[in-house]
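**Q** Based on what follows, work out the 3D shape:
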Amino acid sequence: MSSKFEQLQRFIKKSDDLCLNTQRTMKDIFEAVIKNGGNGKVCMYFDANGKVKSYTYKKYKENAINCGAYISNQLKDLEKNRPVILKVANNPHWGEIFWGIVMSGFKPLLIDAKTAKE
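**A** Numbers count the residues shown, from 1 in each chain. Just a heads-up that it's a prediction; the model follows:
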């Protein structure tokens, strides 16, 4: 059985190989991340009551695809491949929204949530 450190090294190597292959799209990277995660937990967080919550990569993928479908529907009159601003405070669903934008055919433009309105 391999150590946690060895598992982390393999994960980083796979991620590096994936990111350095310029033939891959963001959707390819998303699928590889989900596949690499297997049945594991994508995140753990505390809810408003201080209770530890978590969900799996499978649920994360489902949420991202549903978010992408919602974004596609809401922005159906816009040309694809345009930037869509993502200005959200850090929370467990941030990544799902990011990937939802990608899945809907738009480009996420990340804005720090603490940036003043202008």
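**Q** CA atoms for contacts and neighbours, from now on please.
**A** Will do.
**Q** what's the helix or strand for the residue most central in space within the chain?
**A** Among the residues of the chain, the one closest to the centroid is G95, at 3.5 Å (Cα atoms, centre = their mean). Using DSSP states H and E, G95 maps to helix 94-103.
**Q** For the closest residue to Y55 other than its chain neighbours, what are phi and psi?
**A** Sequence neighbours aside, K41 is the residue nearest to Y55 in space, at 5.5 Å (criterion: Cα to Cα, 6 or more residues apart in numbering). With angles defined as degrees, to the nearest 10, K41 sits at phi -90, psi 130.
**Q** Just the pLDDT for K41.
**A** The model reports K41 with a pLDDT of 92.
**Q** cool, C19 as well?
**A** In this prediction, C19 has a pLDDT value of 64.
**Q** one step back: how about the nearest residue to the residue nearest to the centre of the chain, chain neighbours excluded?
**A** Take G95 and drop its neighbours on the chain: the residue closest to it by Cα to Cα, 6+ apart is A64, 7.9 Å away.
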